[in-house]
Structure formats: C-alpha cells, structure tokens
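>>> Need coordinates for the following:
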Amino acid sequence: MFEKLNWLVLCADDLEESKNFYKNLLGLEQVSDKPSWKAFKLGESLLALRPWTPGTEDERHVKHGIYIGFHVADVDDAVVILEQKGAHILVDPRDEEFGRYAEIADPNGYIIMLMTERKQKARFR
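Model prediction:
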C-alpha cells in the first residue's frame, strides 16, 4: 500500500529563518521558494516548510513530537561543522547500540538526529 515517504512538512514560526537553517546551515538543496512554501530535496523525498498557524498548538506539544533523522558519514565531523555554523547542539556525539549519534535543534525546536550506523563485524563460520 505505502511505497515511500513522499514529503515531510514542518511548520515554522519564521519561514525565512527556517529556510536559511535548512539551506545554508545544513546545506540541503532547495527546490521551491514560494512565500508560504519552501521545499528541499531529500533523496527521493521532500522536506517542506510552511508557516506555523498561531493558536493551533495543543497541550500535547505536537509540534515538538517529530524527530528528523539524517544519516551522515561521520557524526563527530558533522557536529563540529554544524556547531561552527551556529547550530544548537542538544546531544553531543555518543555511541549507542545502533551506532553513533548526536542531536541538534532547528530554529523551531524540532529535533534533528544525526547518525552513523555501526559497521557490522564480519562473522566467520
């Protein structure tokens, strides 16, 4: 039924600030720059931004219930580069069972996870 994720849309308090974060700080390729819609290419999918509508928050803080995960070649290098560009680091690089990861925040408080998967050790029979 579901074949792939087509797009992920985030609501932004400040559309231009968010556009600059994803375009200039993260270096995503921008494919749409309309007044109320900014979109970036992510492989076969899109990450899009639209304005946040005031008064639509609820007690569950749904806006902050989304994590965006990016695979990176080297988490430590990515964090150094992003921190130099002004990214807000939430979790410094650390090892977990699935690999090495870190977290940063976008201008709207969405959490962005950066991960490098652990390489599997070869097993001999």
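>>> Low-confidence ranges, this protein, go.
For the chain, the stretches flagged by pLDDT under 70 are 1-2, 54-65, 120-125.
>>> where exactly do the helices run in it?
Using DSSP state H, the helices of the chain run over 15-20, 75-84.
>>> between those, which gets nearest to Trp52?
Using Cβ to Cβ as the criterion, the shortest distance between Trp52 and those is 8.7 Å, found for helix 15-20. Every residue, glycine included, has its C-beta placed from N, CA and C.
>>> Summarise which helices and strands that closest one is packed against.
Applying 3 or more Cβ pairs under 8 Å, 6 or more residues apart in numbering; DSSP states H and E, we find helix 15-20 packed against strand 7-12, strand 37-42, strand 45-51.
>>> Show me what that helix is in contact with.
Helix 15-20 has contacts (Cβ atoms under 8 Å, 6 or more residues apart in numbering) with 10, 12, 30, 33, 36, 38, 49-51, 106-108.
>>> swap in stretch 30-42?
The set of residues that contact stretch 30-42 without belonging to it, under Cβ under 8 Å, 6+ apart, is 7-8, 15, 18-19, 22-23, 28-29, 46-51.
>>> can you tell me which two in the residues you listed are farthest apart?
By the measure Cβ to Cβ, Glu29 and Pro51 form the most distant pair in those, at 21.6 Å.
>>> okay if I get the helices and strands packed on helix 15-20 as JSON lines plus mean neighbour count and distance to Asp95?
Written out in JSON lines, the entries for the helices and strands packed on helix 15-20 read as follows (neighbours: other Cβ atoms under 10 Å; distance: least, Cβ to Cβ, whole Å):
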{"stretch": "strand 7-12", "mean neighbour count": "16", "distance to Asp95": "27"}
{"stretch": "strand 37-42", "mean neighbour count": "18", "distance to Asp95": "26"}
{"stretch": "strand 45-51", "mean neighbour count": "18", "distance to Asp95": "27"}
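>>> Now distance to Val91 too, for the ones you listed, in TSV please.
Rendered in TSV, the data for the helices and strands packed on helix 15-20 read as follows (distance: least, Cβ to Cβ, whole Å):
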stretch	distance to Val91
strand 7-12	20
strand 37-42	22
strand 45-51	21
